[in-house]
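Chemist: Predicted coordinates and the sequence they were generated for:
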Amino acid sequence: RKEVEQDPGPFNVPEGATVAFNCTYSNSASQSFFWYRQDCRKEPKLLMSVYSSGNEDGRFTAQLNRASQYISLLIRDSKLSDSATYLCVVGNTGGFKTIFGAGTRLFVKA
Amino acid sequence: EAGVTQFPSHSVIEKGQTVTLRCDPISGHDNLYWYRRVMGKEIKFLLHFVKESKQDESGMPNNRFLAERTGGTYSTLKVQPAELEDSGVYFCASSPPRRGGSSSYEQYFGPGTRLTVT
């Protein structure tokens, strides 16, 4: 079993749709949680940190459920520019050793 | 503010040769990380420096890989001798000095070095 698991997709959604991605992690001692976005042949870019209280940044909302070891990302009002791979990232060993999920591919179509 | 930079952007070498990759972190970032992504796989952690000290090198695949960060600024990752399975994209990332809260762990990635071993 992988330490961080994501549905690889792809998710194909029309512009304006709401889409949700889920991620589970196996190490209950994990200490930090993030969503990154990666465009084709580019480096991962930090989208947002994820907190137990949940956090929102514009159209993006992230939630963490420590009891279920589950992280989610909700994108509202999808834009064409949201098309990318979304990477779930979990930090262990004091939060610094990061484990990446394989990513969920999103295509937003006009 | 300049981001994380990596050099070279691409490298093509023959099996058995040596390659050295360089990473310059964001100024003031004590934490520096190396990662690798091989074709079709997820990004894998290689190691973590705090300043010049190796904090965690549990992801280094074998002793053909040597990472250094003399002076606690830029870092190099040397592969000697290179094997075919070393091909992939090598990313470097950096994060600020450790403080309370998750922001200390937020990592900023460089554009990567694409290594091809033939």
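Modeler: The structure has been received and is ready for your questions. Residues are numbered from 1 along each chain as shown, chains lettered A, B, ... in the order given.
Chemist: residues near the residue lying closest to B:C23 once chain neighbours are set aside, how many?
Modeler: In space, and not counting its chain neighbours, B:C23 is closest to B:C92: 3.3 Å by Cβ to Cβ, 6 or more residues apart in numbering or on different chains. To be clear about C-beta, it is placed using only N, CA and C from the backbone, and glycine gets the same treatment. Counted with other Cβ atoms under 10 Å in any protein chain shown, the neighbours of B:C92 add up to 29.
Chemist: Quick check: bridge partners of B:C92?
Modeler: Judged by DSSP bridges, the bridge partners of B:C92 are B:W34.
Chemist: show me the contacts for it.
Modeler: B:4, B:6, B:21, B:23, B:25, B:32-35, B:75, B:77, B:109-110, B:112 (Cβ atoms under 8 Å, 6 or more residues apart in numbering or on different chains).
Chemist: who's in contact with the helix or strand containing A:Q63?
Modeler: Element membership for A:Q63, per DSSP states H and E: strand A:60-65. Applying Cβ under 8 Å, 6+ apart, the contact partners of strand A:60-65 are A:33, A:35, A:47-52, A:54-56, A:70-76.
Chemist: Filter those down to the buried ones and hand me the ChimeraX line.
Modeler: A single ChimeraX command selects the buried members of the contacts of strand A:60-65 (16 or more other Cβ atoms under 10 Å in any protein chain shown):
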select /A:33,35,47,48,49,50,71,72,73,75
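Chemist: filter the contacts of strand A:60-65 by proximity to chain B?
Modeler: Contacts with chain B within those, counted by Cβ under 8 Å from any Cβ of the partner chain: A:33, A:49, A:51.
Chemist: these two touch, right, the second one and A:N55?
Modeler: In this case it means A:S49. Yes. Counting by Cβ atoms under 8 Å, A:S49 does reach A:N55; the two are 7.0 Å apart.
Chemist: for chain B, which spans come out with low pLDDT?
Modeler: Along chain B, the parts satisfying pLDDT under 70 run over B:1, B:99-104.
Chemist: for chain A, what are the nearby residues on chain B?
Modeler: Checking chain B against chain A by Cβ under 8 Å from any Cβ, the hits are B:31, B:33, B:35, B:41-45, B:48, B:55-56, B:58-59, B:91, B:95, B:102-112.
Chemist: what about 6 Å?
Modeler: By Cβ under 6 Å from any Cβ of the partner chain, the part of chain B that sits against chain A consists of B:42-43, B:45, B:48, B:56, B:91, B:102, B:105-106, B:109, B:111-112.
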